[in-house]
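> Below: sequence and its predicted model.
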Amino acid sequence: MMMRCPNCNSKDIGKIGSHQFYCWGCFIELTVNGDKMSVYQVEEDGTLSSLDDLFFEEDMQEAQVHAT
Ligand SMILES: [Zn+2]
């Protein structure tokens, strides 16, 4: 499975869990849940903040339009 980071396009993605990946290019966490990918930024205190709004909102709306 070849993944690309949606943020920096790096292929340097490390697997950190069964559905979790980590981009070594820009240090964000990627979570794959079926067809859905979520992106999180790891804050300095270790909490995750979702970046989905930045990357996927438009794509998902487009996909829904095509699906109907
Ligand atoms: Zn990246």
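Sure thing, it's come through.
> so how far is the ion from the closest residue to residue 7 other than its chain neighbours?
What sits nearest to residue 7 in space, not counting adjacent residues and going by Cβ to Cβ, 6 or more residues apart in numbering, is residue 26, at 5.0 Å. Using the backbone N, CA and C atoms, a C-beta is placed for each residue, glycine as well. Distance, residue 26 to the ion, by Cβ to the ion, to the nearest Å: 3 Å.
> can I assume residue 26 sits in a helix?
No. Going by DSSP: H, G, I helix; E, B strand; the rest coil, the assignment for residue 26 is coil, not a helix.
> ok, residue 6 touching residue 39?
Yes. With contacts counted by Cβ atoms under 8 Å, residue 6 reaches residue 39, the gap being 6.2 Å.
> Tell me which stretches of this protein form helices.
Residue ranges of the helices in the chain, as given by DSSP state H, are 52-55, 57-67.
> Check what pLDDT residue 68 gets.
pLDDT, residue 68: 55.
> which ones are touching the residue nearest to residue 38 when sequence neighbours are not counted?
With sequence-adjacent residues excluded and distances taken as Cβ to Cβ, 6+ apart, residue 38 is closest to residue 31, at 4.5 Å. Neighbouring residues of residue 31 by Cβ atoms under 8 Å, 6 or more residues apart in numbering: 19-21, 37-40.
> That'll do, ta.
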